[in-house]
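Asker: test case, fold it:
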Amino acid sequence: MRIATYKRIKDFSEKHADAETPLNYWYHTVTSKEWKNLNEIKQNFNSVDYVGNHRYIFNIKGNDYRLVAIISFNAQKVYIRFIGTHKDYDKIKDMKPGLCIRKSITNQKHCKSDASLRYIL
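Answerer: Numbering: from 1, shown residues only. Below you'll find the predicted structure:
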């Protein structure tokens with residue numbers, strides 16, 4: 001898999017140093033794979049959740065952080081849409097496992113006030 005948005009990992013790691021090693025582990029694991037479906041992802045990350053609209057939720061550092069990625073199996077690409085604390089993740093609307101995400105953030109005022117949430121768009 002090819003990760004098209006590595007800069008988000010780097011930027012988040014600069015602000016949250018304790019996330020750097022787990023995020024690098026996630027990155028190296030993902031880039032070494034050629035996943036074709038969710039079952040193959042679960043062989044490496046058994047807690048991953050599919051929430052619809054090609055979006056997958058990964059727990060990072062024992063669920064201290066969450067990473068939301070769009071995965072295109074045909075193109076073998078991963079687009080990181082959000083990395084944040086569990087608290088930040090809980091602020092995102094419509095991000096429960098099993099629900100399709102059609103509106104990432106409905107409250108634009110909230111989005112502007114919390115820069116970490118802008119990556120979900």
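Asker: okay, helices next: where are they in the chain?
Answerer: 6-15, 20-31, 38-44, 86-91, 108-113 (DSSP state H).
Asker: state the mean pLDDT of the first one.
Answerer: Read it as helix 6-15. Mean pLDDT, computed over helix 6-15, is 95.
Asker: and for the last one?
Answerer: Helix 108-113 comes out with an average pLDDT of 34.
Asker: from what I can see residue 9 touches residue 22, true?
Answerer: No: with contact defined as CB atoms under 8 Å, residue 9 does not count as touching residue 22 (10.2 Å). (Glycine included, C-beta is placed from N, CA and C.)
Asker: ok, back up a step: now tabulate the helices of the chain in TSV and tack on mean neighbour count.
Answerer: Listed next are the helices of the chain as TSV, based on neighbours: other CB atoms under 10 Å:
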stretch	mean neighbour count
helix 6-15	15
helix 20-31	16
helix 38-44	13
helix 86-91	14
helix 108-113	11
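Asker: dump these to a markdown table, plus distance to residue 77.
Answerer: Output for those, formatted as a markdown table (distance: least, CB to CB, whole Å):
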| stretch | distance to residue 77 |
| --- | --- |
| helix 6-15 | 12 |
| helix 20-31 | 10 |
| helix 38-44 | 14 |
| helix 86-91 | 22 |
| helix 108-113 | 25 |
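Asker: for residue 75, which of those is the nearest?
Answerer: Among the helices of the chain, helix 20-31 comes nearest to residue 75, with 13.9 Å by CB to CB.
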